[in-house]
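Peer 1: any chance you can model this:
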Amino acid sequence: MKALVALILLIQLPIHKAVPAAPPGPLGCDDPESEEAAEVAVSYINAHSHHGYKFALNRIENIRVIPQGLNSDIIFLELDLLETTCHILSPTPLENCTVRSFAEHAVEGDCDVKLLRVDRKFAVLASKCHSHADSSEDILQVCPDCPLLASLNNTEVLTTVTAALNAHNSKTADAYLSLLEIGRAKIQYHPAHIVYAEFAVAATNCSAEEAKDNVEACQLLPDDQSNFGFCTATMVTTQDKSQDLRADCQLYGHQPGVTYSQPGQDTSGLVPSVVQGFTNHNLRLSHNNPFASESSSSEFPTAVLSAKSVAKRAVAEVAQHDKVPRPVGFLPPPPPPCPGKVRHFKI
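Peer 2: Down below sits the predicted model:
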């Protein structure tokens with residue numbers, strides 16, 4: 001009898017169905033996971049750039065996560081970057097590199113990056129970028145007297161770089177330095193005429209003295225001995241046509257594994273696209289993989305599922321979750337905030 005009563009009481013107890021937890025929402029542009037992915041992406045971009053300067057993250061424009069299976073996702077990032085003062089050959093860590101100010105005629109990079117995340121570890125699969133200097137009109141509105149970027153093959157710029165390198169080599173007993181590329185240049189016209197240039201160099205197998213006799217025989221050091229560096233040059237021409245040249249060069253020392261790509265350069269150390277009169281090295285030269293963009297109609301590499309099949313599965317999963325009973329008053333999470341915060345300035 002006691003057992004029967006207990007059974008009746010048990011049947012009368014309210015039954016609470018377990019409501020499955022809602023699936024994790026999409027990442028916001030300022031979420032820690034998004035910033036971690038962006039850090040990996042920016043490191044990859046700088047490590048695989050062949051010319052110009054290192055770039056720093058300015059803002060995460062968008063992020064899209066596509067599940068691939070257990071503990072695995074494909075992540076698409078849209079990033080806004082800004083040029084720093086560190087050349088790609090510089091050993092200075094990115095966190096110690098100064099982002100160029102807006103008034104210095106800032107250069108912006110726009111990048112699409114595709115990453116694979118497995119067990120919270122990121123690997124970049126593809127990158128696609130382009131970079132451009134801000135418009136002259138925008139700079140002059142803020143700073144009417146600021147000098148603007150000049151074409152890297154400008155005659156005055158080439159003359160200044162050649163004179164600065166000759167001046168350095170004539171005063172040193174160390175290795176003869178050879179020009180690799182001009183990084184950026186500016187020309188100021190008032191109140192004095194000033195040409196300012198930055199350029200990358202490398203030590204050769206000749207001393208500066210040996211180069212005087214036969215400079216054509218001087219070759220860059222092999223990769224296992226390479227020694228890259230960076231120079232700045234300023235040529236001031238006064239109203240009476242007198243000139244004052246200032247040059248400063250610094251060698252970084254040998255950096256194992258650091259190499260420099262020299263595809264089809266002209267005698268001034270400029271890659272073909274720069275010779276056409278551009279004011280900055282374009283990231284597109286180093287990053288132009290169509291797989292980096294989610295809008296690409298191509299399928300993912302065979303190692304992962306195609307974007308179309310993954311999207312269909314994601315839609316099906318969301319539809320299935322929508323059929324799950326929700327607690328009274330349940331509201332779906334708001335869409336994640338994108339784009340993210342601006343870290344430096346917007347151009």
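Peer 1: who are the contact partners of A185?
Peer 2: 149-152, 154, 157, 160, 195-198, 279 (CB atoms under 8 Å, 6 or more residues apart in numbering). Glycine gets a C-beta too; all of them are placed from N, C-alpha and C.
Peer 1: helices - which of those residues land there?
Peer 2: Judged by DSSP state H, these include 157, 160 as members of helices.
Peer 1: state the pair within the contacts of A185 that is farthest apart.
Peer 2: Put simply, by CB to CB the two of the contacts of A185 set farthest apart are T160 and T279, 15.4 Å from each other.
Peer 1: so for those two, which residue has more residues nearby?
Peer 2: A count of neighbours by other CB atoms under 10 Å puts T160 above the other of T160 and T279, at 25 against 19.
Peer 1: how much space between the more buried one and C146?
Peer 2: Per CB to CB, to the nearest Å, T160 is found 19 Å from C146.
Peer 1: if I look at D174, how far off is I139?
Peer 2: Taking CB to CB, one finds D174 at 38 Å from I139.
Peer 1: more neighbours: which of these two?
Peer 2: Neighbours were counted for D174 and for I139 using other CB under 10 Å; I139 has more, 21 against 12.
Peer 1: packing partners of the helix or strand hosting the more buried one?
Peer 2: Following DSSP states H and E, the helix or strand that holds I139 is helix 136-142. If you count contacts as 3 or more CB pairs under 8 Å, 6 or more residues apart in numbering; DSSP states H and E, helix 136-142 packs onto strand 148-149.
Peer 1: average pLDDT for the strand it packs on?
Peer 2: Taken as a whole, strand 148-149 carries a mean pLDDT of 95.
Peer 1: strand partners (parallel or antiparallel) of it?
Peer 2: strand 175-188 (antiparallel) (DSSP bridges).
Peer 1: ok so N46 is a helix residue?
Peer 2: Yes: counting by DSSP: H, G, I helix; E, B strand; the rest coil, N46 is located in a helix.
Peer 1: separation between the nearest residue to V201 once chain neighbours are set aside and R117?
Peer 2: Leaving aside its sequence neighbours, V201 sits nearest to L177 (CB to CB, 6 or more residues apart in numbering; 4.4 Å). Distance, L177 to R117, using CB to CB: 43 Å.
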